[in-house]
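Q: predicted model follows, preceded by the sequence.
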Amino acid sequence: MNFKNIEQKVLSLCPYIKEIFIEKKDGKLFATIVPNFETLKSANIINIESEIRWYGVELYNLEAQESQKILGYEILKEVQNERKEREPNDEIYQSLKSFLYKMSQKQVRSNSHLELDLGLDSLDYVELFVFIEQSYGVYIDEKIFSHAMVLKDLYSYIKSHKAFVKPSRVDWGDILNEEKDDKLIFSPINMFLYKTLLYPLFRLYFSLEVKGIENIPKGSCIIAPNHQSMLDGFLIESTLPYSVLKNTFFLAFTQVFGTKLLHPIATYGQTILIDANIDLKDTMQRAALPLKMGKNLVIFPEGARTRDRKLLEFRPFFAMLSSIHSVPIVPVIIDGSFEALPSGKLFPRPKKIKLQYLEPIYPKDMSYDELTQLVKSSIEKNL
């Protein structure tokens, strides 16, 4: 096996990888990856691991033979060892460091990368941006943050732009309930047409089998399916009773549904478009609008389609929405759409698909992580 050829192939696919080293570990291919931080900054990318995973490793894996797939990887900050730096001792640095420790529960140093070392994600970024604005009077957005993802750089930016120093407490309820001028576009006629066209087509072509419709609450709820293929959103749309569907909005990525072809369908198909690298706070506030209005929201907790049929990690945003707005979560099992339309394929095959709405899970007094894991376990044991 030629490791150099594999390395060159991945490098040609993803401009955000500077270096990659392939080796065998426990009989499987493992990649050590050094990001191209300059390219990432130029593109204002703040979810580095996700970009490298999906547009580098997994994009390569789609076309690779089974024996040549990359089944594990590690992302490094730098190839060389970093020297220990003396840390500032002022109130800005210490309060910022303390906040980051509470979020990550990891050792925080001045040269810590907020994603690659501390493991922060999109939810954490929004919380951090709000903390910085409330505590120091400094506005931070994704473009600014993409150039200051190492603690010492972020500290320097805050110190040079601060209006005051008053460390504050951040409350997600306040963030999501902040008043917005945004209005949701309801398209009940379009939703009726989509359902009317898609349901008989799916029943015929995929021998679609649907169970558990009676588990959908009459009031507001979050519908949380596993994600196997591009068909999944349309499967949910086709199987929801019309009385539920007309009051239901779907969360989808701009990169997929923001194209010239699909954007009009999304806009007038009760879809809220999100981008993991742009306007995160605004996006999350917009995602909460249906629940604030007593409507329903469809979220895929994995945030991406599975590449091997196994469940991905569930992201806790849906659990946070459930807890803050006191609405139940309906886990949904989609089984068979992976075989019908695997990643990388354009036309679906006539494979049988089963869809089951499970009993709703209520947030009660659970933490976001507990609720997230409960929903995942519910889907996992029934899948």
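A: Nice, I can see it.
Q: show the low-confidence segments of the stretch 151-300 of the chain, by residue range.
A: Along the stretch 151-300 of the chain, segments meeting pLDDT under 70 are nowhere present.
Q: what ranges do the helices span in it?
A: 151-161, 172-176, 188-206, 232-239, 242-245, 254-257, 263-267, 280-292 (DSSP state H, counting those that start in this stretch).
Q: which of those sits closest to residue 108?
A: With C-beta to C-beta, the closest approach to residue 108 among the helices of the stretch 151-300 of the chain belongs to helix 151-161: 6.7 Å. In short, each C-beta sits where N, CA and C put it, glycine included.
Q: quick one on the thing from earlier: and the helices of the stretch 151-300 of the chain as JSON lines, adding distance to residue 66 and mean neighbour count?
A: Listed next are the helices of the stretch 151-300 of the chain as JSON lines, based on distance: least, C-beta to C-beta, whole Å; neighbours: other C-beta atoms under 10 Å:
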{"stretch": "helix 151-161", "distance to residue 66": "41", "mean neighbour count": "17"}
{"stretch": "helix 172-176", "distance to residue 66": "43", "mean neighbour count": "16"}
{"stretch": "helix 188-206", "distance to residue 66": "26", "mean neighbour count": "15"}
{"stretch": "helix 232-239", "distance to residue 66": "25", "mean neighbour count": "22"}
{"stretch": "helix 242-245", "distance to residue 66": "40", "mean neighbour count": "14"}
{"stretch": "helix 254-257", "distance to residue 66": "26", "mean neighbour count": "16"}
{"stretch": "helix 263-267", "distance to residue 66": "35", "mean neighbour count": "14"}
{"stretch": "helix 280-292", "distance to residue 66": "37", "mean neighbour count": "19"}
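Q: got CSV for those, with distance to residue 43 too?
A: Converted to CSV, these look like this (distance: least, C-beta to C-beta, whole Å):
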stretch, distance to residue 43
helix 151-161, 17
helix 172-176, 26
helix 188-206, 34
helix 232-239, 27
helix 242-245, 37
helix 254-257, 13
helix 263-267, 21
helix 280-292, 16
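Q: where exactly do the strands run in the stretch 251-383 of the chain?
A: Under the criterion DSSP state E, counting those that start in this stretch, the stretch 251-383 of the chain carries strands at the ranges 271-274, 296-298, 329-335, 354-357.
Q: deepest of these, which one?
A: Neighbour counts averaged per stretch over these are highest for strand 296-298, at a mean of 26; criterion: mean count of other C-beta atoms under 10 Å.
Q: quick one: strands adjacent to it?
A: Within its sheet, strand 296-298 is paired with strand 222-225 (parallel), strand 248-253 (parallel), according to DSSP bridges.
Q: just those strands: most buried one?
A: Mean neighbours per residue, mean count of other C-beta under 10 Å, is largest over those for strand 222-225, with a mean of 25.
Q: what does that one contact?
A: Defining contact as C-beta atoms under 8 Å, 6 or more residues apart in numbering, one finds that strand 222-225 is touched by 216, 232, 236, 240, 248, 291, 296-301, 318, 321-322, 327-334, 357, 375, 379.
Q: on that earlier part again, for residue 62, which of the helices of the stretch 151-300 of the chain is the nearest?
A: Evaluated over the helices of the stretch 151-300 of the chain, closeness to residue 62 peaks at helix 254-257, with 15.5 Å, by C-beta to C-beta.
Q: how far off centre is that closest one?
A: Distance of helix 254-257 from its chain centroid, counting by C-alpha atoms, centre = their mean, to the nearest Å, is 13 Å.
Q: tell me who's in contact with residue 218.
A: Residues near residue 218 by C-beta under 8 Å, 6+ apart: none.
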